[in-house]
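Q: Here is a sequence with its predicted model. Questions after.
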Amino acid sequence: MYPGAIAAVTPDKPAVIMAGSGQVVTYRELDEESNRLAHLFRASGLVPGDHIAFMLENHPLFLAIAWAAHRSGLYYTAISPRLQTDELAYIVDNCEARVFISSAPLAEVAGSITAATPRVELRLMLNGTADGFASYEEAVAGQPATPIEDECQGADMLYSSGTTGRPKGVKPRLSKAGMTEPGALFNLVSFLFAPSPDSVYLSPAPLYHAAPLRYCMTFQRLGATIVVMEKFEPARYLELVQKYQVTHSQLVPTMFIKMLKLADRESYDVSSLQCAIHAAAPCPIPVKEQMIEWWGPIVHEYYAGTEGNGFLYAGPQDWLAHKGTVGRSLLGTVHICDEDGNDLPAGAHGTIYFADGPSFEYHGDPTKTRSAQDPQGRGWTTLGDIGYVDEDGFLYLTDRRSYMIISGGVNIYPQEAENVLSVHPKVADVAVFGVPDEEMGEQVKAVVQPSTPEEAGPELEAELIEYCRTHLAHYKCPKSVDFRDELPRHPTGKLYKRLLRDEYWPTTT
């Protein structure tokens, strides 16, 4: 199904509810808005396989714009509104967008890329105008609210967050299938999480990110209501679950940690929740144990990436039997390999590769595409993570390959220390990484955002190091701790560890 089919049956049902303003977009409005914009795309000369880009905050029409491109058979790139001029210009030009859409609150940076993006033929702005931009509302107003004649499915082409260099555009193959044909994600979501037209899906993350965008659109295919938070706040999240009787939601571990630290968290009614889905980063075992104790066995985990080359899943019971796992493969065959691409046995740490999964390429960058493939040329692909599988085939993540610390010839995976320190009551946020050491090559450093800023200092540093040493081998623990008011995190919860790490390394490194 898709919004047009839902609108024909329940036109006045909320498709989107904005958590902050309470603004509602019905399925009729979602369908008609996306149809009008699809007609504008065709009138502007765009055909299936062409490309658009949009940079928006969590806007009431965000999903309507995505659906307009999707039902027009286009590639569409949703872009972070936090980017600056050079970053934004790079993505809009690199993806070869012919149309660029933004909003009045973002007019300054959106307008600053015009000269650097000559391929863009049409620039539209919501809720206002700026130099070089036409009014979105006026542009679509005269277009038909009925579907275009040649409807077919497009695809998102999203960019990695760029934590290790220029962002990479992940370009899937375009099926151009009919709108009623379900995709792989629809089938997975339907099978694993049992959504229905009565489901209420709470999305607490920025919609331009892969998982929120794809899951919101997938739930809308079923006729569910999407509640969109403009920004995640732990207490507000719990209020919304209670207010809207939320049944499904997707989060990241940092959101769990923030909610668990609320003194009054037990006062909220979360009994409507049927399924809490999490991914994006390893979840410390004590955190997930506490979430299951609080919410019950409804916490589901998966491991996948924007690249879509594989999908692993761990249901609540599987996780309780294999604590720390991110799942067992449902899409793609997992191989753990050494640096030469040789298969490693169960229990051995190595680079995680997927075989037999969907193919992808990094748009316009064959070198990056090849770097994600196995050294032996078998067509296996990796997201750059390190891990191991147990005898039952469950995968455990160790860390990103690029963050592994080599100290005195010993491999150290900083995720272990991060998991330990993240649950300390005096830690609001933490990052662990390697810094230069003349004798050992690298030593382990922690950067901590304390729960109470006034406590930052030598005493807390000593306490945290000792706490870590009671849970891990000493060589895995920080030798020193620095304190910050805030750590650089993506709104989805992903840590920009590279930004912190680079501060401690010479610029020539």
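A: Done, it's in.

Q: Neighbours of residue 121, how many?
A: 12 (other Cβ atoms under 10 Å). (C-beta placed from N, C-alpha, C; glycine too.)

Q: From residue 133, how far out is it?
A: Residue 121 sits 13 Å away from residue 133, going by Cβ to Cβ, to the nearest Å.

Q: mind showing which ranges of the stretch 351-500 of the chain have poor pLDDT?
A: Scanning the stretch 351-500 of the chain for pLDDT under 70 picks out 399-402, 408-411, 490-494.

Q: Helices along that one, start to end?
A: 366-371, 415-422, 458-469, 497-502 (DSSP state H, counting those that start in this stretch).

Q: what does the stretch 101-250 of the chain give?
A: Using DSSP H, counting those that start in this stretch, helices in the stretch 101-250 of the chain cover 107-111, 136-141, 184-193, 210-221, 234-244.

Q: So which of those is the most surrounded?
A: Most buried of those by mean neighbour count (mean count of other Cβ atoms under 10 Å) is helix 210-221; its value is a mean of 22.

Q: Output the contacting helices and strands for that one.
A: Judged by 3 or more Cβ pairs under 8 Å, 6 or more residues apart in numbering; DSSP states H and E, the packing partners of helix 210-221 are helix 62-70, strand 155-156, helix 184-193, strand 200-203, strand 225-228, strand 248-251.

Q: which residue packs closest to residue 455, ignoring adjacent ones?
A: Leaving aside its sequence neighbours, residue 455 sits nearest to residue 426 (Cβ to Cβ, 6 or more residues apart in numbering; 6.2 Å).

Q: Return the most buried member of the helices of the stretch 351-500 of the chain.
A: helix 415-422 (a mean of 23).

Q: about what we covered before: I'd like the helices of the stretch 101-250 of the chain as TSV, with mean pLDDT and distance to residue 156 appended.
A: Below are the helices of the stretch 101-250 of the chain laid out as TSV (pLDDT from 0 to 100; distance: least, Cβ to Cβ, whole Å):
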stretch	mean pLDDT	distance to residue 156
helix 107-111	96	20
helix 136-141	97	20
helix 184-193	92	11
helix 210-221	95	6
helix 234-244	98	25
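
Q: Kindly reformat these as JSON lines containing distance to residue 268.
A: As requested, the helices of the stretch 101-250 of the chain are exported to JSON lines (distance: least, Cβ to Cβ, whole Å):
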{"stretch": "helix 107-111", "distance to residue 268": "37"}
{"stretch": "helix 136-141", "distance to residue 268": "38"}
{"stretch": "helix 184-193", "distance to residue 268": "22"}
{"stretch": "helix 210-221", "distance to residue 268": "22"}
{"stretch": "helix 234-244", "distance to residue 268": "4"}
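
Q: what's the closest of those to residue 469?
A: Comparing those by their distance to residue 469 (Cβ to Cβ), the top pick is helix 234-244, with 29.7 Å.

Q: quick revisit: which one of the helices and strands packed on helix 210-221 lies nearest to residue 13?
A: Nearest of the helices and strands packed on helix 210-221 (Cβ to Cβ): strand 225-228, 7.0 Å.

Q: roughly how far out does the closest one sit from the chain middle?
A: 17 Å (Cα atoms, centre = their mean, to the nearest Å).

Q: Show me what that strand is packed up against.
A: Under the contact criterion of 3+ Cβ pairs under 8 Å, 6+ apart, strand 225-228 touches strand 14-18, strand 200-203, helix 210-221, helix 234-244.

Q: out of these, nearest to residue 367?
A: Closest approach to residue 367 among these is made by helix 210-221 (22.5 Å; Cβ to Cβ).

Q: what packs against the helix or strand harbouring residue 294?
A: Per DSSP states H and E, residue 294 falls inside helix 285-295. Applying 3+ Cβ pairs under 8 Å, 6+ apart, one finds that helix 285-295 contacts helix 253-260, strand 299-303, helix 316-321.

Q: Now the residue lying farthest from the centre of the chain. Its backbone dihedrals?
A: Seen from the C-alpha centroid of the chain, the residue lying at the greatest distance (Cα atoms, centre = their mean) is residue 439, 38.3 Å away. Residue 439 adopts backbone torsions of phi -90, psi -50, taken as degrees, to the nearest 10.

Q: Residue numbering should commence at 48 henceforth.
A: Shifting the count to begin at 48 puts that one at residue 486.

Q: The residue nearest to residue 502 is in contact with residue 507, isn't it?
A: Yes - using Cβ atoms under 8 Å, residue 473 is in contact with residue 507, at 6.3 Å.

Q: Mind listing the shared neighbours of the two?
A: Counting by Cβ atoms under 8 Å, 6 or more residues apart in numbering, the contacts common to residue 473 and residue 507 are residue 497.

Q: Spit out the contact partners of the nearest residue in space to residue 168 that is not next to it in sequence.
A: Spatially, and ignoring its direct neighbours in sequence, residue 168 is nearest to residue 145 (5.1 Å; Cβ to Cβ, 6+ apart). Listed by Cβ under 8 Å, 6+ apart, the contact partners of residue 145 are 91-93, 97-99, 166-169.

Q: Now, of those, which are buried?
A: With neighbours counted using 16 or more other Cβ atoms under 10 Å, the contacts of residue 145 contain these buried positions: 93, 97-99, 167, 169.

Q: just to revisit the earlier point, I'd like to know which of the helices of the stretch 398-547 of the chain is closest to residue 523.
A: When those are compared by Cβ to Cβ, helix 462-469 sits nearest residue 523, at 5.6 Å.

Q: Show me what the closest one is in contact with.
A: The contact list for helix 462-469, computed with Cβ under 8 Å, 6+ apart, reads 304, 329, 331-332, 334, 444-446, 450, 474, 476-479, 491, 493, 495, 511, 514-515, 518-519, 523-525.

Q: Generate a ChimeraX selection restricted to the buried subset of the residues you listed.
A: Burial among those is assessed by 16+ other Cβ under 10 Å; the matching ChimeraX selection reads:
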select :304,329,331,334,444,445,446,450,474,476,477,478,479,491,493,495,511,514,515,519,523,524,525
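
Q: Strands along the stretch 348-497 of the chain, start to end?
A: For the stretch 348-497 of the chain, the strands defined by DSSP state E, counting those that start in this stretch occupy 358-361, 375-378, 380-384, 397-402, 408-409, 432-436, 442-447, 452-454, 457-459, 474-484, 488-497.

Q: quick one, which of the ones you listed is nearest to residue 426?
A: That would be, of the strands of the stretch 348-497 of the chain and by Cβ to Cβ, strand 397-402, which comes in at 7.1 Å.

Q: what inclination does the closest one have with respect to strand 346-350?
A: 80 degrees (axes from the mean of the first three to the mean of the last three Cα atoms, to 10 degrees).

Q: Just want the angle from strand 397-402 to strand 380-384.
A: Using the same axes, to 10 degrees: strand 397-402 against strand 380-384 is 150 degrees.

Q: so what secondary structure elements neighbour strand 397-402?
A: Partner elements for strand 397-402 (3+ Cβ pairs under 8 Å, 6+ apart): strand 380-384, strand 432-436.

Q: got the strands of the stretch 348-497 of the chain as CSV, with distance to residue 70 columns?
A: Output for those, formatted as CSV (distance: least, Cβ to Cβ, whole Å):
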stretch, distance to residue 70
strand 358-361, 33
strand 375-378, 36
strand 380-384, 43
strand 397-402, 40
strand 408-409, 37
strand 432-436, 39
strand 442-447, 38
strand 452-454, 47
strand 457-459, 49
strand 474-484, 32
strand 488-497, 33
